[in-house]
Structures are given as C-alpha cells and as structure tokens.
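Asker: okay, here's the prediction I keep looking at, along with the sequence it came from:
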4 protein chains.
Amino acid sequence: MGENGFAPATDDYAERVRESFSKQGMMSHLGAEITAVRPGFCEIALPFRPEITQQHDFFHGGALAAIIDTAGGYAAFSLFEPEDSILTVEFKVNCLAPAQGEKLLARGEVVKSGRTLTVTKGEIVAVESGRETVCALMQQTLMRIVGRDDVKG
Amino acid sequence: MGENGFAPATDDYAERVRESFSKQGMMSHLGAEITAVRPGFCEIALPFRPEITQQHDFFHGGALAAIIDTAGGYAAFSLFEPEDSILTVEFKVNCLAPAQGEKLLARGEVVKSGRTLTVTKGEIVAVESGRETVCALMQQTLMRIVGRDDVKG
Amino acid sequence: MGENGFAPATDDYAERVRESFSKQGMMSHLGAEITAVRPGFCEIALPFRPEITQQHDFFHGGALAAIIDTAGGYAAFSLFEPEDSILTVEFKVNCLAPAQGEKLLARGEVVKSGRTLTVTKGEIVAVESGRETVCALMQQTLMRIVGRDDVKG
Amino acid sequence: MGENGFAPATDDYAERVRESFSKQGMMSHLGAEITAVRPGFCEIALPFRPEITQQHDFFHGGALAAIIDTAGGYAAFSLFEPEDSILTVEFKVNCLAPAQGEKLLARGEVVKSGRTLTVTKGEIVAVESGRETVCALMQQTLMRIVGRDDVKG
C-alpha cells in the first residue's frame, strides 16, 4: 500500500504517533507494536499468544479489530497538527480467511484527509511460516478534534 | 432489546454458548464475562481496567469491538444445532459517545437467522455511576459452518 | 420504531423535509414518496415498477440504498436548524431477504444527534399482499453543514 | 485497480455479465452502462442527468450505491460458473467528496472469491472536465447461489 502523496504537518509526526500509541493500555496488553509509520500510513504487528484467541485458537476478531482500528487511526493522526486529537467515528471489518499464524500485520492507510473527517482503508495479513495471507479488510471514518492535544491530554 | 421470538435448537443452548465463550483466551484476557444468554440474544460485561484503554483512558475501540462481535456471535450461535460452528463474516461499529465508566455492557441480538448466514445488530452501553449511555451501535453478518462442533472442535 | 424523544428545532421541520425531498430528482425518478415525518424519524415508500429491478425482477439493491439513505438523512435533517444542510458520510446496508412485493417502506431513525455528526439506523420492509417482511437493515453517519440552507441552497 | 490474478470459470464470462446487466431495469432507468469487464473486475459509467440528483444537484447517494453495488456484484459474478447466481449480502459506502461532474465511474474488484462468499472492494470516481476525483469507497459481501442460472432465471 502506498501513502497517496500525503505530507505530514510536522517533522515529528512519527514520534507523536508512537508517544500516543504508548499510552494505549490495550495495545501493550495485547502485545501489539508499531512496526512502521509514514505520512498517512501505519503498520502494527501482533504476535500470536493464547491470550488473544477465539474458541478455535485463531486470533480473536476483537484483536483484529483492535489493531486495524488503531493502525487506521494513527495513519490519520500522522497528518494532524500537534494540537489535534482523534476519535474513531465508525469502522467496518470484513473477515476473509481464518486469522492464524505466528503474527498479524495490520496496515492502515489514509484515503481522504479532510478538515473534520478522515477516511482510511486497511488490511490485515496473517504471517504463517513467513508467508502473508490477507485475512481482513477494513474501511473507517475518523474525526479530528481541534485544540485538544492527543498526547499531552 | 427483545429476542424476536427465536427458538433455540436444543435445551442446552446457554451451556453451549458459555462453554464456547470460556475457550476464548481473548475474553478472559480482557476480563469480559457473559451476563445473559437467551435464544437469539447475548450480553457481555466488561469492567474498566487500565489494560483495555486507549490514549485518553477511555475504553479502547478494540475492546468495544471484541465484546460486541462476541455478543452478536453468541446471539447467533444460541440458535444453532450442536454440530454447527460459527464464523464472523463482517461487522461494523459506529461510536456514538466516549466509552467511559465503570463497565461496558455489549448486547447482541439476532435479526435474521438463515440457513447459512445470520444477521445481528447490537449496542454497547457504558455504565457510569449506575447510569447507562449508549456508546456504540453494531451491525454484523455471521456464517454457520455445518458439521464442525464449535465447542468440542 | 420510535423517535427516542427527539425534539425538532423548529415547528416547520416536516415542511422543510418535504421541500428538500421534492428537490431530489432521484426520488421522483424512482417513484418514491415520503409517507411519514416525525422528529428524528422519516419513512419513504417505493412502489414496485419494472424500472427499479435487478436481474431477477426483485427491487434493485440500489433502489433500497437510495430510499434508506434518504430516509435516514431526513430523519437527521428533521432535527436541524433552518440554516443547516446535510451530507451523508457513510452508510451500510445488510440485505436480509429478497426485496419483492408491491412496495417497499424505508424507515430511518436517529440514534444520536450530535453537533457535527448524526448516527441513524434504519430498516426496509417489503410489503407483499399487505404483509410486511424486513428485507434490509441500515446503519448510517451524517454530517451537519452549518450555515448553508439545505432547501434554499 | 488490478484484478489480483483471478481466472474466469468460462470464456464467455463477459457476455454473461453483460446479459445479466441488461436485465436490470434499474441500470437502464438510471442511464448506467458497463464500460469494462475483466475477470474479477467490472466498471460501470453513469452520465449526469437531473433525474439522478439529490437536493443540491449532485449525484444522489442512491445512484452511487446502485452502480457500485452492481459493479462489485458483477466483478464477483465474472468468476462464477454458468449455473451460479449472485446475491448481495451487505455493502458499505463511504462518501469522500461531493459527487459532481459529467459522469461517475464505479469500479468493483474482487478481493476474495470463496465457495459461498465473495468479498469485493470498490471506488467511484467523479469525472469533471476530464479529471477524476475519488468520491466514494465501498466494501461488499456477496453470496453465490449454486444451481440457479443468473441469466436464464
């Protein structure tokens, strides 16, 4: 996936993304990590653990939703001004294949970055023995909250 | 929410739901519990913990997705035959209000139970000082896999 | 469906809804009519015609989408100030049953009316020999544009 | 958009797509035409007409939904066996920009073609003075009905 030519508002966009991410109790509780940030793009990795499975020992749909919602959100946030905060308006996930393997990679990408709303798309690949299979597709809307610093609170 | 007059296929539907739920590593890792099962309906409670927050210390969107996907899934599963298994095809979540409070309650309800596909709707309420606020709305499609026991595997 | 206790901003909300609706070339081209407007609620009827079918002579999915998007939009618009305009941000439709019969009724209802965003839900029933069957379910986000009159343009 | 390496089941897949399309009363009533069919891909064009507008004289959201639902559906159908029929399970549309210009182009593309379910993604571009702007994004699930010819009925 490309980044569609988006330019960040500030040079320290990646630091701001990583700092905000580090404040999410949920991401460290699941064991997720940011593996790439570029303007309008974010990738999150989630290694397999029994703590994040559903009843057939695949990755739980909620774990998929958590990392792709977050990847899409930080893809959008990477283009924001420092005084802007972000909220998820809605997102939709289609499951394409059982989410199994040694890890998941969730990739979120901005399609349209508007003054108030940002639209992203995303996909999750399951990595099994080094081979990637797309297991989920995502479409998402986010809202910019001007004047509330996302990181400093 | 009502249950729209659905009848379970077997008397032990609630036990089967609870047994399958207990096999989800993700649900206990988040601290979620089933609080109600009726034919075509399931409610899941998730108490607040710092481990399931986003960067503003609200409940993480992925935690919301995890419990409402699961509540909708078990609402559908409650109407299945014992030899049927279930998969999420897709779901969509709209966030209506910040998810804050002492706990969340996710309520999933079957709208249409078909031979292959089931459609559910759901909502999540945030309970703060005993007062319920609807904070998310969900619409979901699930698929029945005939001949693979969901619980015994 | 109820209207969840919403109050209109002005007494002439129904006239404003009907006037805006009458400017939609698409609605008259399909043969759709508003059959009810209440604060936070709108119902649109679409009689069967060969011009709005898909390849099996059922109502076309696009016809369903057109009337439920519009019903949800006017449910939201019924609560707006006269100087506000409305845009659809996104909507999702689940098809539950073949859309066949003498007419469709699309019912949109506001769930959350915010300053910027409104969330609605909706359903379409197919009326066949006077009997109603729910054939589609909808979830939608709309945006308020302040300061641009929707009707006067 | 590419076609992701999908192979058609038969040589006459494009004829079957066009024949089924020609039976949709809705498509000719809107003035829509198929402009491209490839294995796993379909493009539909919709020239501007006052009959398909909303209240601000942009293309109506229902017109967008009609052509992108159809483009996604025929992208899926292009990979089916002759005895297979197709139904839309659900679709979601995000509106990115006002749909204005001399015509719309809706492009649907298969992401996953399964035995029962197919998942597609799509986008609509508005063409204004020859320049393309993406105005909508779509994600869709379709169901294969084996043993009911889509064209012969």
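Answerer: Arrived safely, thanks for sending. Numbers count the residues shown, from 1 in each chain, chains lettered A, B, ... in the order given.
Asker: contacts and neighbour counts: CA atoms only from here.
Answerer: Noted.
Asker: where does chain A come near chain D, residue by residue?
Answerer: Contacts of chain A with chain D, taken as C-alpha under 8 Å from any C-alpha of the partner chain, map to A:94, A:96, A:112, A:119, A:139.
Asker: correct me, but A:R115 touches A:R144?
Answerer: Yes - assessed by C-alpha atoms under 8 Å, A:R115 is found in contact with A:R144 at 7.4 Å.
Asker: compare the two (neighbour count), which wins?
Answerer: A:R144 (22 against 11; other C-alpha atoms under 10 Å in any protein chain shown).
Asker: find me the pLDDT at the more buried one, would you?
Answerer: For A:R144, the model assigns a pLDDT of 96.
Asker: who does the single longest strand found in chain A touch, helix- and strand-wise?
Answerer: In chain A, taking DSSP state E as the definition, the longest strand is strand A:131-146. Other elements packing on strand A:131-146 under the criterion 3 or more C-alpha pairs under 8 Å, 6 or more residues apart in numbering or on different chains; DSSP states H and E are helix A:61-77, strand A:84-95, strand A:117-128.
Asker: quick one: which of those is nearest D:T88?
Answerer: When the helices and strands packed on strand A:131-146 are compared by C-alpha to C-alpha, strand A:84-95 sits nearest D:T88, at 14.2 Å.
Asker: does any bit of the closest one sit next to chain B?
Answerer: Yes - using C-alpha under 8 Å from any C-alpha, strand A:84-95 reaches chain B at A:88-95.
Asker: closest to chain B out of the residues of chain A next to chain D?
Answerer: Top of the list for closeness to chain B, among the residues of chain A next to chain D and by C-alpha to the nearest C-alpha, is A:N94 at 4.2 Å.
Asker: which residues touch that closest one?
Answerer: Counting by C-alpha atoms under 8 Å, 6 or more residues apart in numbering or on different chains, A:N94 makes contact with A:136-138, B:89-91, D:119.
Asker: for B:E83, see how far away it is.
Answerer: For A:N94, the distance to B:E83 equals 25 Å [C-alpha to C-alpha, to the nearest Å].
Asker: again, but for A:A66
Answerer: The value you get for A:A66 to B:E83, if C-alpha to C-alpha is used, is 30 Å.
Asker: who has more neighbours out of those two?
Answerer: Using other C-alpha under 10 Å as the criterion, A:A66 and B:E83 rank with A:A66 on top: 23 against 14.
Asker: burial count for A:A14?
Answerer: A:A14 has 20 nearby residues by other C-alpha under 10 Å.
Asker: contacts for the host helix or strand of it, please.
Answerer: Taking DSSP states H and E as the criterion, A:A14 maps to helix A:13-22. Here helix A:13-22 makes contact (C-alpha under 8 Å, 6+ apart) with A:27-28, A:34, A:37-39, A:74, A:77-79, A:82, A:150-151, B:55.
Asker: buried subset of those residues?
Answerer: Among these, those buried by neighbour count (16 or more other C-alpha atoms under 10 Å in any protein chain shown) are A:27, A:34, A:37-39, A:74, A:77-79, A:82, A:150-151, B:55.
Asker: let's see which of these end up in strands.
Answerer: A:34, A:37-38.
Asker: of all the residues you listed, which comes closest to chain D?
Answerer: A:R38 (21.8 Å).
Asker: partner residues bridging the spatially closest residue to A:S113 that is not a sequence neighbour?
Answerer: The shortest distance from A:S113 to any non-neighbouring residue, by C-alpha to C-alpha, 6 or more residues apart in numbering or on different chains, is to A:V119 (6.5 Å). On the basis of DSSP bridges, A:V119 is bridged to A:K112, A:T141.
Asker: what's near enough to touch A:V119?
Answerer: Contacts of A:V119 (C-alpha under 8 Å, 6+ apart): A:76, A:110-113, A:139-142, D:94, D:96.
Asker: repeat that with 10 Å
Answerer: A:72-73, A:75-76, A:89-91, A:109-113, A:139-143, C:89, D:94-96, D:137 (C-alpha atoms under 10 Å, 6 or more residues apart in numbering or on different chains).
Asker: quick one: low-confidence parts of chain A?
Answerer: For chain A, applying pLDDT under 70 flags the ranges A:1-3, A:149-153.
Asker: which parts of it sit against chain C?
Answerer: A:89-90, A:92, A:116-117, A:119, A:140-141, A:143 (C-alpha under 10 Å from any C-alpha of the partner chain).
Asker: buried sites along stretch A:126-137?
Answerer: In stretch A:126-137, counting by 16+ other C-alpha under 10 Å, buried: A:126-127, A:133-137.
Asker: can you put those residues in JSON lines and add distance to D:S22?
Answerer: Rendered in JSON lines, the data for the buried residues of stretch A:126-137 read as follows (distance: C-alpha to C-alpha, whole Å):
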{"residue": "A:A126", "distance to D:S22": "40"}
{"residue": "A:V127", "distance to D:S22": "43"}
{"residue": "A:T133", "distance to D:S22": "36"}
{"residue": "A:V134", "distance to D:S22": "34"}
{"residue": "A:C135", "distance to D:S22": "34"}
{"residue": "A:A136", "distance to D:S22": "33"}
{"residue": "A:L137", "distance to D:S22": "31"}
